[in-house]
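1. The amino acid sequence is not available; the structure is as follows:
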């Protein structure tokens, strides 16, 4: 089942075999203990209580082992991108077939011969695909995820260039947002590939989650708007669990452009500029009447706050050059129960509006011309 796990979860645990050798016998013993508990309780409740105390300790040990072996610190092999593209199902079937042949080759000579021949064919096919495939023109993948209080956007530059994280709104919850929400989203891209974390809007009581996120991803450069300077300094000084980042940059109007690609950071919005397109991240659209796509290419507009648009708003922003508009959710504008359902914001949307609460994660690959 390892190829299926790698295909579906984009990662393979490296300690699954020894973990199963320890946990499975204990679970089997616990099942026998539960059966003994029921039998003892039917004969003499006191014996059932004694057996129950022993089974409870055994189950506590199993739960402790599962928490330790399956936590965030569990070593895993990231397989993100291994099964990408239209040939993913064929690659998965090939991996499953090779795994089955490897198991059978332990006992059967014919299986060993078939495994050698299949391996030689597979290696030559992979080499032919690598040689004949066209060169990568350079792609930047932008993915937007809904998080409590806003949107978390990951900009993956590909390969060793790493990825950036932009937080457009974050609200405190009773659970830790870094462990339960943000880190699982970033595992697909690789936690060690995060180069920058850019904060646009975040609640005061959610800043400690952001600092823990920065610490868990190898302490990349943290960009924070100037208006949050007192808040984040206060969190670092008062919260003993908050780890100060290696590099903390406070921005007002800051340009991170290089060769027509990069970010422009302002208090109202963040623009990711590429030679052929533009991505704008804004927590809200108030007082942004002049925000238009620069150049001839289209753009992607990502809104962090719950949006309450009228149909005229969709048309206006689309006319400004934003080919795709992404928002976390749509807030109702009409409260009249007798109103026409077609006028409800949740009743009709244009094709270019992507609502994360309804449509799920937004992903877009932006091609960058190789000559640029």
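-> Thanks, I have it. Every value quoted in this text rests on a predicted model; they were computed, and no experiment measured them. Numbers count the residues shown, from 1 in each chain.
2. rest of the way, CA atoms for contacts and neighbours
-> Will do.
3. least trustworthy helix or strand in the protein by mean pLDDT?
-> Each helix and strand of the chain was given a mean pLDDT (mean pLDDT, DSSP states H and E); the minimum falls on strand 76-78 at a mean of 69.
4. in the next helix or strand after that one, what counts as buried?
-> Downstream of strand 76-78, the next assigned helix or strand under DSSP states H and E is helix 88-104. Using 16 or more other CA atoms under 10 Å as the test for burial, helix 88-104 gives 91-92, 95-96, 98-99, 101-102.
5. What count of nearby residues applies to residue 47?
-> The number of residues packed near residue 47 is 17, by other CA atoms under 10 Å.
6. rewinding a little: tell me the one of the buried residues of helix 88-104 nearest residue 183?
-> Nearest to residue 183 among these, counting by CA to CA, is residue 92 at 26.6 Å.
7. Okay, the closest one and residue 98: tell me how far apart.
-> 10 Å (CA to CA, to the nearest Å).
8. likewise residue 287?
-> Distance, residue 287 to residue 98, using CA to CA: 59 Å.
9. Please apply the same query to residue 178.
-> With distances taken as CA to CA, residue 178 is found 38 Å from residue 98.
10. Next: residue 324.
-> According to CA to CA, residue 324 stands 42 Å off from residue 98.
11. Check residue 286 too.
-> 57 Å.
12. Next: residue 316.
-> Remark: distance between residue 316 and residue 98 (CA to CA) = 55 Å.
13. And for residue 318, the neighbour number?
-> Neighbours of residue 318 (other CA under 10 Å): 20.
14. going forward, begin numbering at 239 instead of 1
-> That works, and once the first residue is 239, the last one we named lands at residue 556.
15. secondary structure element for it?
-> Judged by DSSP H and E, residue 556 forms part of helix 549-557.
16. any idea of the mean pLDDT for that helix?
-> Average pLDDT, helix 549-557: 82.
17. what residues does it touch?
-> 562-563, 588 (CA atoms under 8 Å, 6 or more residues apart in numbering).
18. so how far is it off the chain centroid?
-> Chain-centre distance of helix 549-557: 30 Å, with CA atoms, centre = their mean, to the nearest Å.
19. Pull out the buried positions in it.
-> Those buried within helix 549-557 under the rule 16+ other CA under 10 Å are 552, 555-556.
20. Please apply the same query to stretch 460-472.
-> Buried residues in stretch 460-472 (16+ other CA under 10 Å): 460-463, 466, 470.
21. Mind checking which of those are in helices?
-> residue 470 (DSSP state H).
22. farthest-separated two in the buried residues of stretch 460-472?
-> The largest separation in these, counting by CA to CA, is between 460 and 466 at 12.3 Å.
23. For the stretch 339-488 of the chain, which segments count as strands?
-> 377-385, 388-394, 401-406, 432-439, 459-463, 486-489 (DSSP state E, counting those that start in this stretch).
24. pLDDT averaged over the third one, what's the number?
-> Per-residue pLDDT values over strand 401-406 give a mean of 92.
25. which stretches of the stretch 439-588 of the chain form helices?
-> For the stretch 439-588 of the chain, applying DSSP state H, counting those that start in this stretch gives helices covering 445-454, 467-476, 549-557.
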